[in-house]
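# all I have is the shape, not the residue letters:
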């Protein structure tokens, strides 16, 4: 086979700007480069010199799809630095807020960005002509998620209501009641969406990932838990930088995060599910059995099923939290700044999001470290691409490009977050 | 929503007031408040265009106001009837993840969820930097577009069925 280069200059249906370059030499995939050319965004530097109270408004600006994740990792890390414990009701509201983000982010990706790959459409707009009901369900789900974000976060994009110690304003039970009605309807829509995706044609493709996710003693993880992996890692967030390291690579403005001892690892819905299936309620596990989702799923193309399952779970969990909610006696815990270092990891829709902040005695940020899920998944994405490209070497370049793009979208990469990423080039030489 | 005193017309100002000329849509929406007919509702939206499909449920007539990348001269205003035809290429670049107005309008069209009458007022912007003010040429267009929309609303509400332009 001739040597060849295949290049995708701009990868669609992912967030941000990236390209892919494949070098095929003598019929073997020689190099895979997922290049993120989204400009560096310098958020960690922007945070230096700012007061701890400004963190949540700054980090919410990192992403329009998952601002809650940034706010939740930020709030827990700063509170860790200040030694603050929040009331149980505040914890409930934070988990409810995260449910809203999982619902809207997953619904967008499952139907509007990922489903067209399986059904052979260029985009959701073309797909809507034949699968209008599925798109309508996604819009309804997204609306419900956004309603949660609007009520608890103040607005659905770049929310403003969370603060260190709690919230600026907390809702009454009466304000949450209409959301419960929306969520009951959304739950039905989520189950239908999951059953719809279960009928998709999934390629036979299995990878031996090291899964990394949070694990909590009682809960399917969102805001709390230890960082665990499928090969025995079990650490507190404070030990993250002991086990993981971010590396610069020449072809990307995003750093690649790897396990110091073992290299690439997978975060996100599949990792969460594999490591925490026993934390899901029995009815959600039964639903996973109904749609044929195996307890240990190693096929990234089937991640769409896990996202669908998590949307159903997030609806149920939000309903449970609303039913049990009692407004806190105070919207936030009073704060006294002091010097300290705080760490937190929470489960963004795309996987674990690590934050560290070092504060001086006045609460000014001396330095910060933010490691988004997409930076952590880049190694795995390139590994998937190498195998997908190897399996598709005989395909004509157009089909190979499509296959590679789908492989990338399996992981719902959020490039603006990571740029801190797709054009595809295949070089066959 | 049907008849009575319920609003039948919707104006949506789209944009981020903290990003220079992207704030044009919300600025026009604010200029309309207190001056619009009771059968019109004014909304500001800061980014998620997909939400428009839900926003315009029950409104037969919808006007969206937004800023666009410059193609001729900053401050120039374009009036486009999107009821039966998509935005021309060049008026709105496609985004990669978030759905913009172009994608949202075409998605709604394929779903059969477009309003009966959909109009867009677009101003060519000059600067979209974070924290930047509106550029003088774009700021100058606010009142002119607000007045033209008031005339549009008056014409729509005077027409039979609130969607007489369709």
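It's in. These numbers come from a predicted model, not from an experiment. Numbering: from 1, shown residues only, chains lettered A, B, ... in the order given.

# contacts only, for the residue nearest to residue A:53 when sequence neighbours are not counted.
The spatially closest residue to residue A:53, leaving aside those adjacent along the chain, is residue A:164, at 6.0 Å (CB to CB, 6 or more residues apart in numbering or on different chains). In this view, the C-beta of every residue, glycine as well, is placed from N, C-alpha and C. Counting by CB atoms under 8 Å, 6 or more residues apart in numbering or on different chains, residue A:164 makes contact with A:52-53, A:55-56, A:75, A:78-79, A:82, A:84, A:332, A:335.

# buried ones only from these, please, as a ChimeraX command.
Buried members of the contacts of residue A:164, defined by 16 or more other CB atoms under 10 Å in any protein chain shown, are picked up in ChimeraX with:
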select /A:52,55,56,75,78,79,82,84,332,335
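
# closest to chain B among the contacts of residue A:164?
residue A:56 (16.5 Å; CB to the nearest CB).

# phi first, then psi, for the closest residue to that closest one other than its chain neighbours.
The shortest distance from residue A:56 to any non-neighbouring residue, by CB to CB, 6+ apart, is to residue A:71 (4.8 Å). Dihedral angles of residue A:71 (phi, psi; degrees, to the nearest 10) stand at phi -70, psi -40.

# how near is residue A:71 to residue A:216?
Distance, residue A:71 to residue A:216, by CB to CB, to the nearest Å: 19 Å.

# who's more crowded, these two?
residue A:71 (29 against 15; other CB atoms under 10 Å in any protein chain shown).

# and the spatially most central residue of chain B, helix, strand or coil?
Central residue of chain B (CA atoms, centre = their mean): residue B:64, 1.2 Å from the mean position. Classification of residue B:64 by DSSP: H, G, I helix; E, B strand; the rest coil places it in strand.

# how about residue B:72?
Three-state call for residue B:72 (three-state DSSP): coil.

# hey, what's the closest residue to chain B within the stretch 301-429 of chain A bridged with?
Proximity of the stretch 301-429 of chain A to chain B (CB to the nearest CB) peaks at residue A:414, 7.7 Å away. For residue A:414, the beta-bridge partners are residue A:15 (DSSP bridges).

# hang on, it packs against residue A:374?
Yes - between residue A:414 and residue A:374 there is a contact at 5.0 Å, judged by CB atoms under 8 Å.

# higher neighbour count, the two?
Per other CB under 10 Å, whichever of residue A:414 and residue A:374 has more neighbours is residue A:374, with 33 against 30.

# circling back to that earlier point, out of the contacts of residue A:164, which are inside helices?
In helices, judged by DSSP state H, the following of the contacts of residue A:164 are found: A:55-56, A:75, A:78-79, A:82.

# which pair of those spans the longest distance?
Using CB to CB, the ones in helices among the contacts of residue A:164 span at most 13.6 Å, a distance reached by A:56 and A:82.

# in chain B, where's the longest helix?
Identified as the longest helix of chain B according to DSSP H is helix B:136-158.

# so what does that one touch, helix or strand wise?
With contacts defined as 3 or more CB pairs under 8 Å, 6 or more residues apart in numbering or on different chains; DSSP states H and E, helix B:136-158 has these neighbours: strand B:9-14, helix B:24-32, strand B:61-68, strand B:77-81, strand B:117-124.

# including mean pLDDT and distance to chain A, could the ones you listed go into TSV?
Formatted as TSV, the helices and strands packed on helix B:136-158 follow (pLDDT from 0 to 100; distance: least, CB to the nearest CB, whole Å):
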stretch	mean pLDDT	distance to chain A
strand B:9-14	95	12
helix B:24-32	96	13
strand B:61-68	94	16
strand B:77-81	93	18
strand B:117-124	94	16
